[in-house]
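**Student:** sequence first, predicted coordinates after that:
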Amino acid sequence: MEEKEIKVEEPKLEQVEKNDPKPANTLSVIAFILALSACGISVYNYYNGGSTTTYNYGPDGNSLNFEAGSIAEVASQVSDSVVSITTEVRTKTWYGTESTGQAAGTGFIISESGYIMTNKHVVEGAKTVNITLNNGKTYKNVKIVGTDPLNDSAILKVENPENFKAVKLGDSKTVNVGQQVIVIGNALGEYSNSVTSGIVSGTGRSLIASDSTGSSYEQLNDMIQTDAAINGGNSGGPVVNAAGEVIGIATAYASSSQTVGFAIPIASVKGIINGVLASNKFERAVLGVQYSPITADLAEQEKLPVSYGALITSDVTSDSAGGNAGLKKGDIIIEVNGIQIGKAGSLSTLIGEYKVGDEITIKYLRNNKENTTKVTLKAYKN
C-alpha cells in the first residue's frame, strides 16, 4: 500500500467564516496512510477540509515551565484522561474493490459523563469506533456525536462510562512561543499513552495539508506549531502545558520532519464543547462573514488603518449573525469580547470559544471610526 504524507504549502490569504456550504467538489484532506506491517494493522489518518460550562483555570498555566521530574508528574496526571481510539474503516483499493482495515488515533476525555474529543479525521468514514482507557478497559460501538465542518475536530460519547476522569482545559489565547509542552497519544497507532515533549515553536500558523499527489487538501488556520513529536497515531491527543491543562489538539506534522507538528488551539472548540455538554447538541457558532486576516502586507496594499484584525471581504447576508448586527463589507473587526484579534487568535478561533445563541460584543472599524455591536451567534449550516 502506498504511504502518504503531509505536504505543507503556503496558504491562500482569504479565510472563510460563514454559513454558506463549501464548494461541492472540495475533498476532505487525506493526510497520510501509515502501514504497520509488523503487526498487520494499517493506520489511516484523514485530515479533512443551555448553561455554559465553566473551567477552573487558576493562574495562567501557560506562564509555568516544567521543572525536574514534573514532566513525568504531569503526564501521569493527564494520562488517565487520554484514550486510544481504534476504528474499522472501509477503503477502496487501486482496483476499485473494497477492503476493510483498522485505523487508530487518540482522544481525551472532556466530561466524566463520557464525552471524548478527537480529530475528525480519526473517526471519519468509520464503520465502528472503539476506545480503550489507560487502564486497559475497552468500550465498543462508541457514538460519534458530531464532526466540525470548519475544523478537524470531533466529539464521541461513551455510554455508561465508569470512573472517567476529564482533562483540564487551558487557555490557548495566552500561549507563548518557547513555552514547554507535552503531547500524549497512541504513538504510531500501537503504543498507547506515549509522551513526547518539546516547546511551542510558533502560533497562528496557516498551512495546507495534502496527500503526496496533491489531489486532496484542507487548509488549516491559526494552528499552534510544536517540536514535540506528532505522528500518525497520536493525532487527536492533547497538547498539554506545565499546569497539566490542554491547550491544543495534536493534528498534523510536516512531511520533512515529525518534529514540526501542528495542533488546533483549544479555544477554537470550547464553544462546541460547551454546547455538547449543555444539550448534547454538536454545533459550531459562526458570525457568518467572509474575511481576510489582516497582515502588515495587506494593510499596506489596501491602505488600512490597522495591521491586525479581520477585513470583511464580501457582502454580509442579512439573515446571518453578523448581518443582523449590522456588519458590512469593508468593516474591520478588531476585537471579540474585548480580546484583540491577532496574537490571541484569529476571528474564527475567538468566535469558537462561544456556543450557538451566546451574545458577544464585536468592536470594528468603519470609515476609520471605532464602533461596537452586539451579536447573537448562529449555527453553521452545511
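**Tutor:** Received, thanks.

**Student:** please report the distance of residue 178 from residue 196.
**Tutor:** For residue 178, the distance to residue 196 equals 17 Å [Cβ to Cβ, to the nearest Å]. In short, each C-beta sits where N, CA and C put it, glycine included.

**Student:** these two - which one has more neighbours?
**Tutor:** Counted by other Cβ atoms under 10 Å, residue 178 and residue 196 do not tie: residue 196 has more neighbours, with 24 against 9.

**Student:** centroid residue for this protein?
**Tutor:** Taking Cα atoms, centre = their mean, the centroid of the chain lies closest to residue 264, which sits 3.4 Å from it.

**Student:** what's the helix or strand for that one?
**Tutor:** Per DSSP states H and E, residue 264 falls inside strand 257-265.

**Student:** what's in contact with that strand?
**Tutor:** If you take Cβ atoms under 8 Å, 6 or more residues apart in numbering as the criterion, strand 257-265 is touched by 8, 119, 151-153, 172-173, 175, 183, 198, 201, 203, 205, 207, 220, 222-231, 239, 247-254, 345, 349.

**Student:** what helices or strands is the helix or strand containing residue 223 leaning on?
**Tutor:** Assigning secondary structure by DSSP H and E places residue 223 in strand 217-226. Applying 3 or more Cβ pairs under 8 Å, 6 or more residues apart in numbering; DSSP states H and E, one finds that strand 217-226 contacts strand 191-210, strand 245-254, strand 257-265, helix 347-351.

**Student:** quick one: the longest one to chain centroid distance?
**Tutor:** Right, strand 191-210. Taking Cα atoms, centre = their mean, to the nearest Å, one finds strand 191-210 lying 12 Å from the centre of the chain it belongs to.

**Student:** show me what the strand holding residue 223 pairs with in its sheet, parallel or antiparallel.
**Tutor:** Taking DSSP bridges as the criterion, strand 217-226 sits next to strand 191-210 (antiparallel), strand 257-265 (antiparallel) in its sheet.

**Student:** just put those in CSV and tack on distance to residue 379 and mean pLDDT.
**Tutor:** Below are those laid out as CSV (distance: least, Cβ to Cβ, whole Å; pLDDT from 0 to 100):
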stretch, distance to residue 379, mean pLDDT
strand 191-210, 25, 87
strand 257-265, 20, 85
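
**Student:** ok, and which of those strands has the densest surroundings?
**Tutor:** Compared across these, strand 257-265 shows the largest average neighbour count, a mean of 23 (mean count of other Cβ atoms under 10 Å).
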